[in-house]
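1. Got a sequence here, can you build the structure:
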Amino acid sequence: MTDTGIALRTDGVGKRYRKGWALRDCTLTLPAGGVTALVGPNGAGKTTLLRLVVGLLAPSTGTVEVLGHDVTASTPQTLSRVGFLAQDHPLYKRFTVAELLRFGRACNLRFDQGLAERRLAKLGIPLDRKAGALSGGQQAQVALALALAKRPDLLVLDEPVASLDPLARHEFLQVLMGAVAEGGVSILFSSHVVHELERVCDHLVVLNHGRVTLTGDIDTLLAEHRLLVGPRTTADVDRADTVVQAVHSDRHTTLLVRDGALPTAPGWQAQPVALEDLVLAYLRRPSGAGTTTAPGVPA
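-> Residues are numbered from 1 along each chain as shown. Have a look, this model is predicted:
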């Protein structure tokens, strides 16, 4: 955990490739000691952002500060405090698990091999088994054990459960949350599995069209948004600044609003909004709609 309480700060970050911008004007401040979910469709810029955070890419514009240090000028000592797990859980398939652990120890300034061995023993993963002979879930657990053995202050995970079955996904998330409880590590977690994020994450970043469209503490974001359901209205509510999404049927209009806006009128009912509905509403917003930030969380 950082002394300032900030795990990650980006200011106007953009990344341009030959075909165009993958990320534009990304400004974020993520608290230390929490689990932040990074959500967005394919092509939204999630992997680009994560690779910028861990120093695998350099930004075209703006700055990225991790644990109080500019990533582009970070020393090996600073980078050793950051763990990274890519989506495909890259492992040398011909190495045994024990050989992977020895390789990890040789490549990292600080590496707790005993911690990794205890985690894998608890999961029943033999050290003499080659990585290629393990199931997908076991390979993911080995990759996570290697990342956690760095004793990182910030752990960055790129779609770590995307290819796992429901049981393997549940076991992976259990181990991950146990590590958070034990070590106070900060986690930036990219995922498409929105319905599982609410129980494992406390902060949310929604990325779409290469830009941040929503960011903040999950409980705060849910509290400041609500669904209003009432008779179909001919008013131009779709353009109201406080309306995130308007859905019209033959007889009813459903509005997702923020900041407690548009108090209910006769015939209208207010309902709490689910996290998945909130995320989907912001993903459906057009490009350039702006960023919504929870109060008290600087963007």
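2. so what does the longest helix along the chain touch, helix or strand wise?
-> Using DSSP state H, we find that the single longest helix of the chain is helix 166-183. Judged by 3 or more Cβ pairs under 8 Å, 6 or more residues apart in numbering; DSSP states H and E, helix 166-183 is in contact with helix 136-149, strand 186-190, helix 194-200. Every residue, glycine included, has its C-beta placed from N, CA and C.
3. The shortest one to helix 166-183, inter-axis angle?
-> Think strand 186-190. Counting by axes from the mean of the first three to the mean of the last three Cα atoms, to 10 degrees, strand 186-190 lies at 160 degrees to helix 166-183.
4. so what secondary structure elements neighbour strand 186-190?
-> So strand 186-190, by 3+ Cβ pairs under 8 Å, 6+ apart, packs with strand 6-17, strand 20-31, strand 35-39, helix 46-53, strand 154-158, helix 166-183.
5. Asp250: what's it in contact with?
-> Arg232 (Cβ atoms under 8 Å, 6 or more residues apart in numbering).
6. Three-state assignment for it, please.
-> coil (DSSP: H, G, I helix; E, B strand; the rest coil).
7. So which of the helices and strands packed on helix 166-183 is nearest Asn42?
-> strand 186-190 (11.4 Å; Cβ to Cβ).
8. Contacts for the closest one, please.
-> 1, 7-8, 30-39, 46-47, 50, 53, 153-160, 176, 180, 197, 200-201.
9. partner strands of it, parallel or antiparallel?
-> Partners of strand 186-190 in the sheet, by DSSP bridges, are strand 35-39 (parallel), strand 154-158 (parallel).
10. pull the CA atoms of it into PDB?
-> Taking Å, rounded to 0.1, in the frame of the first residue of the first chain, the C-alpha atoms of strand 186-190 are listed here in PDB:
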ATOM      1  CA  SER A 186      -4.400  -3.300  -4.300                       C
ATOM      2  CA  ILE A 187      -6.000  -5.000  -7.300                       C
ATOM      3  CA  LEU A 188      -7.000  -3.700 -10.800                       C
ATOM      4  CA  PHE A 189      -9.200  -6.400 -12.300                       C
ATOM      5  CA  SER A 190     -10.500  -6.500 -15.900                       C
END
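11. Neighbours of Gly114, how many?
-> When neighbours are defined as other Cβ atoms under 10 Å, Gly114 has 10 of them.
12. Work out for me the element it sits within.
-> In this assignment (DSSP states H and E), Gly114 forms part of helix 113-122.
13. That helix to helix 166-183, inter-axis angle?
-> 140 degrees.
14. what angle separates the longest helix of the chain from helix 136-149?
-> Using the same axes, to 10 degrees: helix 166-183 against helix 136-149 is 10 degrees.
15. Format the strands paired with strand 186-190 as CSV; extra columns: mean neighbour count, mean pLDDT and distance to Asn108.
-> As requested, the strands paired with strand 186-190 are exported to CSV (neighbours: other Cβ atoms under 10 Å; pLDDT from 0 to 100; distance: least, Cβ to Cβ, whole Å):
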stretch, mean neighbour count, mean pLDDT, distance to Asn108
strand 35-39, 25, 93, 23
strand 154-158, 24, 93, 14
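16. how about CSV for the ones you listed, with distance to Ala246 added?
-> Below are the strands paired with strand 186-190 laid out as CSV (distance: least, Cβ to Cβ, whole Å):
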stretch, distance to Ala246
strand 35-39, 22
strand 154-158, 34
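17. can you give me the mean pLDDT across stretch 174-188?
-> On average, the pLDDT along stretch 174-188 is 83.
18. beta partners of Thr215?
-> Val205, Thr293.
19. okay, now it: neighbour count?
-> With other Cβ under 10 Å as criterion, Thr215 counts 24.
20. Then Leu280?
-> So Leu280, with other Cβ under 10 Å, has 15 neighbours.
21. OK, contacts around it?
-> By Cβ under 8 Å, 6+ apart, Leu280 lies in contact with Val194.
22. The closest residue to Ser135 other than its chain neighbours: neighbour count?
-> Closest residue to Ser135 apart from its sequence neighbours, by Cβ to Cβ, 6 or more residues apart in numbering: Ala168 at 7.4 Å. Residues lying near Ala168 (other Cβ under 10 Å) number 18.
23. any idea how far Lys15 is from Ala168?
-> 32 Å (Cβ to Cβ, to the nearest Å).
24. Then Lys130?
-> 36 Å.
25. For those two, indicate the residue with more neighbours.
-> Lys15 (21 against 15).
26. so what's the nearest residue to Arg211 once chain neighbours are set aside up against?
-> Leaving aside its chain neighbours, Arg211 sits nearest to Arg24 (5.5 Å; criterion: Cβ to Cβ, 6+ apart). With contact set as Cβ under 8 Å, 6+ apart, Arg24 has these partners: Gly14, Gly210, Arg211.
27. Many thanks, I have nothing further to ask.
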